[in-house]
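Chemist: sequence and predicted structure, then a few things I'm wondering about:
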Amino acid sequence: MLRVRDLPAEEGEAINRLMYRTRDPTVMRRAQVVLHSNQGFSPPKIAAMVFWSEEWVRRVIQNFNRMGRDALYPNRAGGRPPTFTPPIRQTLVDVALSRPKDHGYTVGHWTLERLRSTVVMEGIVESISKERLREILHEEAVSFQAVKTWKESTDPKFREKVKRLRALMNREHNPPIVVAVDEMGPISLKPYGVRTWARSGHPDRVRATYRRTLGVRHLMGMYDYFHRTLRGYLSPRKSGSNWVKFLRYVRRWYPSDERIYLIQDNLSTHTTPAALREARRLRISLVPIPTNTSHLNPIETHFRSI
């Protein structure tokens, strides 16, 4: 008669605890088969008790004798492998976030049909439905949104200027004196309506038109990139001569023998002949940012806070 091998006391107790604690019905039944066989029951009787076939009971006992307790756990298949693996899903997202021009289209935006055709023609997937593609993009936090306008730099020296900016701002040891400058304005005193007590239907009013008797001002600001200090003063005008005065203002904050790298935009008053001469005399190297890329000027974010 087929029986399980002799079970030590510890192993028998372990199988008994497993039978009571497991939530897998297959594991529970197999543990019962092993314990019944250890108690001396024959495979036909065990089959009647656990409602399995005699052949399957014999296979469980034989597997236990060969493999031990590992035979109690079913080796279930993992199912069909996913059609769209994580690398493929990431590639689909990359295509959706790219511009159609990069894939040979003349249109400016993606549609689901155009996106589906592109990923199939480029061999990323063999086939995919529009609905499944939409689901994958939604699961990867990519949504269909209205396109906002933006300015693209047409500066022919764009890469060269950006490379120079990165080299100046990524120095961890012995950093140079890097100062970002810009103007903000015009700034003027302006009346604002507040809240007050008044009779119903007769609110207090503030004149919508007013005279600027003292004129306007422009904030000439400088931001030390590595020391994180912001300085500046108010200037009555934003002209070339006032910019020359501002260069002298920047120079006085640093030792005269050290060179200053001045990050600035491409306003015409910044590069007048007088400004260029004064910069050379003051040992100031002008570092212009590319056109239409004000976000590359470190002082812009601080101006926003002001």
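Modeler: Done, it's in.

Chemist: low pLDDT regions in the stretch 101-250 of the chain?
Modeler: 147-152, 208-210 (pLDDT under 70).

Chemist: helices of that one, residue ranges please.
Modeler: Assigned helices in the stretch 101-250 of the chain, in chain order: 112-121, 130-139, 158-169, 240-251 (criterion: DSSP state H, counting those that start in this stretch).

Chemist: please identify the deepest-packed of these.
Modeler: helix 240-251 (a mean of 18; mean count of other CB atoms under 10 Å). From N, CA and C alone the C-beta is placed, and that goes for glycine too.

Chemist: which elements pack onto that one?
Modeler: Secondary structure elements in contact with helix 240-251, counted by 3 or more CB pairs under 8 Å, 6 or more residues apart in numbering; DSSP states H and E, are strand 177-187, strand 217-224, strand 229-235, strand 260-264, helix 273-281, strand 284-288.

Chemist: so residue 110 makes contact with residue 97?
Modeler: No - counting by CB atoms under 8 Å, residue 110 sits too far from residue 97 to count as a contact (9.2 Å).

Chemist: those two: who's more crowded?
Modeler: residue 110 (19 against 11; other CB atoms under 10 Å).

Chemist: how much space separates the more buried one from residue 142?
Modeler: 10 Å (CB to CB, to the nearest Å).

Chemist: identify the contacts common to the two.
Modeler: residue 96 (CB atoms under 8 Å, 6 or more residues apart in numbering).

Chemist: next up, the contacts around residue 166.
Modeler: Counting by CB under 8 Å, 6+ apart, residue 166 has no contacts.

Chemist: could you measure from it over to residue 257?
Modeler: Taking CB to CB, one finds residue 166 at 26 Å from residue 257.

Chemist: ok, now residue 180?
Modeler: 22 Å.

Chemist: could you do residue 21 as well?
Modeler: Residue 21 is 80 Å from residue 257, by CB to CB.

Chemist: compare the two (neighbour count), which wins?
Modeler: Higher neighbour count among residue 21 and residue 257: residue 21, with 9 against 6, using other CB under 10 Å.

Chemist: what score does that one have for pLDDT?
Modeler: Looking at residue 21, its pLDDT is 84.

Chemist: ok, the one 3 residues further on next?
Modeler: Reading off the confidence values, residue 24 has pLDDT 86.

Chemist: contacts only, for it.
Modeler: 73, 74.

Chemist: how near is residue 161 to residue 300?
Modeler: Residue 161 is 16 Å from residue 300, by CB to CB.

Chemist: residue 30 reaches residue 60, doesn't it?
Modeler: Yes - using CB under 8 Å, residue 30 is in contact with residue 60, at 5.3 Å.

Chemist: overlap of the contact sets of these two?
Modeler: Residues touching both residue 30 and residue 60 by CB under 8 Å, 6+ apart: residue 71.

Chemist: out of those two, which sits in the busier spot?
Modeler: For residue 30 versus residue 60, neighbours defined as other CB under 10 Å are more numerous around residue 30 (28 against 24).

Chemist: in contact with that one, which residues?
Modeler: Here residue 30 is in contact with 60, 64, 71, 72 (criterion: CB under 8 Å, 6+ apart).

Chemist: now the two most distant members of the residues you listed.
Modeler: For the contacts of residue 30, the farthest-apart pair by CB to CB is 60 and 72; their separation is 8.4 Å.

Chemist: between those two, what contacts are shared?
Modeler: 30, 34.

Chemist: show me the contacts for residue 206.
Modeler: Residues near residue 206 by CB under 8 Å, 6+ apart: 191, 192, 193.

Chemist: hmm, try it at 7 Å
Modeler: By CB atoms under 7 Å, 6 or more residues apart in numbering, the residues touching residue 206 are 191, 193.

Chemist: distance of it from residue 162?
Modeler: 47 Å.

Chemist: dump the helices of the stretch 101-250 of the chain to a markdown table, plus distance to residue 54.
Modeler: Listed next are these as a markdown table, based on distance: least, CB to CB, whole Å:
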| stretch | distance to residue 54 |
| --- | --- |
| helix 112-121 | 54 |
| helix 130-139 | 47 |
| helix 158-169 | 77 |
| helix 240-251 | 96 |
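
Chemist: residue 65 - how many residues pack around it?
Modeler: 15.

Chemist: just residue 226 next, same as before
Modeler: Here the number of neighbours of residue 226 (other CB under 10 Å) works out to 14.

Chemist: pretty sure it is touching residue 179, no?
Modeler: No - with contact defined as CB atoms under 7 Å, residue 226 does not count as touching residue 179 (9.6 Å).

Chemist: once you drop chain neighbours, what's closest to residue 89?
Modeler: residue 136 (5.6 Å; CB to CB, 6 or more residues apart in numbering).
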